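**Q** Make a model of this:
(one chain, ligands or ions: 1)
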Amino acid sequence: MNKQKERQEKILDIAKRRGFFWQTADIYGGVAGFYDYAHLGCALKRKWENLWRDFFIGLNDNFYEIETCVMMPEAVFRASGHLKSFVDPVVKCSKCKTIFRADHIIKSVLKKDYEGFSPEELMKIIKEHNIVCPGCGGRFEEAGVLNMMFPVDVGTGKETRKAYLLPETAQGAYLNFKQEFECLRKKFPLGLAIIGKAFRNEISPRNVLIRMREFTQAELQIFFNPKKINEHPDFESVKEFKLRLFPVANREKNEIMEVSCEDAVNKLGLPKFYVYHMAKIQEFYTKVLGLSKDIFRFKELSEEERAFYNKYHWDIELFLESLDGFKEVAGIHYRTDHDLSGHQKVSGQSMEVNIDGETFVPHVLELSFGVDRNIYALFELALKEEEERIVLVFPRLVSPYDAGVFPLVSKDRLPEKAKEVFRFLKESGFSVFYDETGSIGRRYRRIDEVGVPAGITIDYESLEDETVTIRDRDSMKQIRVSISELPVVLRRFLAGESLGKLGKPVN
Ligand code: GAP
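**A** Predicted structure coming up:
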């Protein structure tokens, strides 16, 4: 087994043993591309989603969250282009009849990316390099395409209508746009966010939560006037901010460059409205989540690689050891009026708006995040194997719990006092849990292994002077603070302050 596969196995093993995620229908052998979140994974995912909500919906007073159905009639996908263009290139083995994604089969042999190549181009490469079926060694038949949407029949008998499960949450926002625009006093830009399920019949689901068949997306669709693409009222605040860019032109020398937002506009010719949101995405990863900027980059997609609806398309990538390099976790897409004009044409309903005397079909900037990919990335980046412990160093704000509360021993009124502190923290809005089983050392290890950033211990001193100790998961150092100050101290610690500065050190 190679190093990457080994690390992936370890991630899955720990995720399963500790209660983060595992394959769906495990007792029936599982189904490729489907995963369930267990109690800790669910808490981690909710916290990531809530941070995403607060940050991205908070970017503008006219951004809102909506929720839509995941099953939609065929006409929606005729209009969006998914019926025709949401396809993967495939090849079929002439002997065992297994179907493979053509570009993946080539990549596994030639170790190079061929995403965006046409089926004909891929077949040519397969023939040139004599690539055969990895299962039985058979030759491949001519390459074709397979639509990735899941079809469903809605209704019964003569009333049956063809529908599809949403391959992206985005379409839900486009269908609701006009009504929301009317309800929301016709202001622009208007943002509609959806955190919801997407479904894709991936030919080769793989890499745990990275390529799934049912997954969660967090997407923000920003509707704006295309004439204003070169402005943003808050651009001054980001103009010096350095973006980490990996443009197509840098692929050969494999070099990431740091470019100020101002230069991204003036020298690379990207629109201000687009660049402003790139800065905010980078800020989310490096400031809100606190990830190192060295593992973050925007990768520009070439014309052949871009999704069929995009004019500008940069992926957001994180460096992941278990995937042997940078991996896409999100994307920033300028979709123009592709979707609204498509729905206008097929539905016959006008998608035009009238703002300040001007009538136009709005354009869309889309910030699209795969939640599961982000959870996998956080998990992988957090997993550290130290000499005496395995620890998950999640960013403090997304850890499944904020703190564990423990009595030093389970006697002498310490459990009663500890439960009092536990209830006090819960009522103050923290996600905490209580544990009194085993030695205090073992309890600390247990919270390290599930990534809880703080351990709060009630000892004999607590009964005398109403103080407790707080232990930092990462440094394993402790401080002593009064119970009344605990909520303020814990909040500052979770927001990123170092524990040493927040109370009296304990030897
Ligand atoms: N609405 C635009 C859209 O769906 P995309 O690049 O196809 O764009 C957006 O997907 C994000 O969704 C990706 O960056 C990735 O994080 C996530 N994603 C896509 N396919 C996925 C899959 N099969 N399994 C898990 N996540 C996936």
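**Q** separation between the residue nearest to A43 when sequence neighbours are not counted and the ligand?
**A** Using CB to CB, 6 or more residues apart in numbering and skipping the chain neighbours, the partner closest in space to A43 is P400 (3.8 Å). From N, CA and C alone the C-beta is placed, and that goes for glycine too. According to CB to the nearest ligand atom, to the nearest Å, P400 and the ligand sit 21 Å apart.
**Q** Can you classify P400 as helix, strand or coil?
**A** Of the three states, P400 takes coil according to DSSP: H, G, I helix; E, B strand; the rest coil.
**Q** Just list the residues touching it, thanks.
**A** P400 is in contact with 40-41, 43-44, 47, 394, 431, 450-452, counting by CB atoms under 8 Å, 6 or more residues apart in numbering.
**Q** so what pLDDT did the closest residue to the ligand within the stretch 351-500 of the chain get?
**A** Relative to the ligand, the nearest point of the stretch 351-500 of the chain is G370 (2.2 Å; CB to the nearest ligand atom). If you check G370, the pLDDT there is 98.
**Q** Next, the contact list for it, please.
**A** Contacts of G370 (CB under 8 Å, 6+ apart): 215-217, 328-330.
**Q** Can you tell me which of the contacts of P400 is closest to C133?
**A** Closest approach to C133 among those (CB to CB): G41, at 35.6 Å.
**Q** Now do the same for the residue in the stretch 51-200 of the chain that the ligand sits nearest to: its pLDDT.
**A** For the stretch 51-200 of the chain, the nearest residue to the ligand under the criterion CB to the nearest ligand atom is E168, separated by 3.5 Å. pLDDT, E168: 98.
**Q** Buried ones among the contacts of P400?
**A** 40-41, 43-44, 47, 394, 450-452 (16 or more other CB atoms under 10 Å).
**Q** Those: which two are farthest apart?
**A** Maximum distance among those (CB to CB): 14.1 Å, for G41 and V452.
**Q** I'd like the contacts of P400 laid out as a markdown table, including pLDDT and secondary structure.
**A** Output for the contacts of P400, formatted as a markdown table (pLDDT from 0 to 100; DSSP: H, G, I helix; E, B strand; the rest coil):
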| residue | pLDDT | secondary structure |
| --- | --- | --- |
| L40 | 97 | helix |
| G41 | 98 | helix |
| A43 | 97 | helix |
| L44 | 97 | helix |
| K47 | 97 | helix |
| F394 | 97 | coil |
| S431 | 97 | coil |
| V450 | 95 | helix |
| G451 | 97 | coil |
| V452 | 98 | coil |
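**Q** residue contacts, S292?
**A** Applying CB under 8 Å, 6+ apart, one finds that S292 lies in contact with T286.
**Q** Which residue ranges make up the domains of this structure?
**A** 3-83+149-382, 87-147, 401-506 (automatic domain parsing).
**Q** Report all helices and strands that the longest helix seen in the chain contacts.
**A** Longest helix of the chain, by residue count under DSSP state H: helix 3-18. Applying 3 or more CB pairs under 8 Å, 6 or more residues apart in numbering; DSSP states H and E, one finds that helix 3-18 makes contact with strand 21-23, helix 371-382, strand 383-385, helix 440-450.
**Q** Need the winner for burial among the ones you listed.
**A** Greatest average neighbour count among the helices and strands packed on helix 3-18 goes to helix 371-382 (a mean of 23), per mean count of other CB atoms under 10 Å.
**Q** ok, which stretches of the stretch 251-400 of the chain are helices?
**A** Using DSSP state H, counting those that start in this stretch, the helices of the stretch 251-400 of the chain run over 261-266, 272-283, 338-347, 371-382.
**Q** can you state the direction angle for the last one and helix 3-18?
**A** Read it as helix 371-382. 100 degrees (axes from the mean of the first three to the mean of the last three CA atoms, to 10 degrees).
**Q** Just the residues contacting helix 371-382, thanks.
**A** With CB under 8 Å, 6+ apart as the criterion, helix 371-382 contacts 7, 11, 15, 20-21, 35, 41, 44-45, 48-49, 52, 195, 207-210, 212, 215-218, 289, 291, 295, 318, 320-322, 327-330, 392-395, 398, 451.
**Q** hmm, back to that, mind checking which of the domains of the chain is nearest E388?
**A** Nearest of the domains of the chain to E388, taken as CB to CB: domain 401-506 at 8.7 Å.
**Q** chain center to the closest one, what's the gap?
**A** The chain centroid and the centroid of domain 401-506 are separated by 30 Å under CA atoms, centre = their mean, to the nearest Å.
**Q** and if you look at stretch 317-334?
**A** 10 Å.
**Q** Give me the buried positions along stretch 185-192.
**A** Using 16+ other CB under 10 Å as the test for burial, stretch 185-192 gives 188-192.
**Q** Now do the helices in the stretch 1-150 of the chain.
**A** So, for the stretch 1-150 of the chain - with DSSP H, counting those that start in this stretch - the helices run 3-18, 39-52, 74-80, 82-85, 102-110, 119-128.
**Q** Among those helices, which comes closest to G135?
**A** Per CB to CB, nearest to G135 of the helices of the stretch 1-150 of the chain: helix 102-110, 10.8 Å.
**Q** quick one: that closest one near the ligand?
**A** No - Helix 102-110 lies out of reach of the ligand by CB under 6 Å from any ligand atom, never closer than 12.6 Å.
**Q** Check which residues of that helix are buried.
**A** 102-106.
**Q** tell me which of these is nearest to L243?
**A** L243 has its nearest neighbour among those in D103, at 28.4 Å by CB to CB.
**Q** dump the residue contacts of the closest one.
**A** Counting by CB under 8 Å, 6+ apart, D103 makes contact with 89, 113-115, 117, 122.
**Q** E168 too?
**A** With CB under 8 Å, 6+ apart, E168 has these contacts: 198, 217, 219, 368.
**Q** hmm, 7 Å instead?
**A** By CB atoms under 7 Å, 6 or more residues apart in numbering, E168 lies in contact with 198, 217.
**Q** Next: the one 10 residues further on.
**A** Residues in contact with K178, defined by CB under 7 Å, 6+ apart, are M351.
**Q** What values do phi and psi take at it?
**A** Dihedral pair for K178: phi -60, psi -40, per degrees, to the nearest 10.
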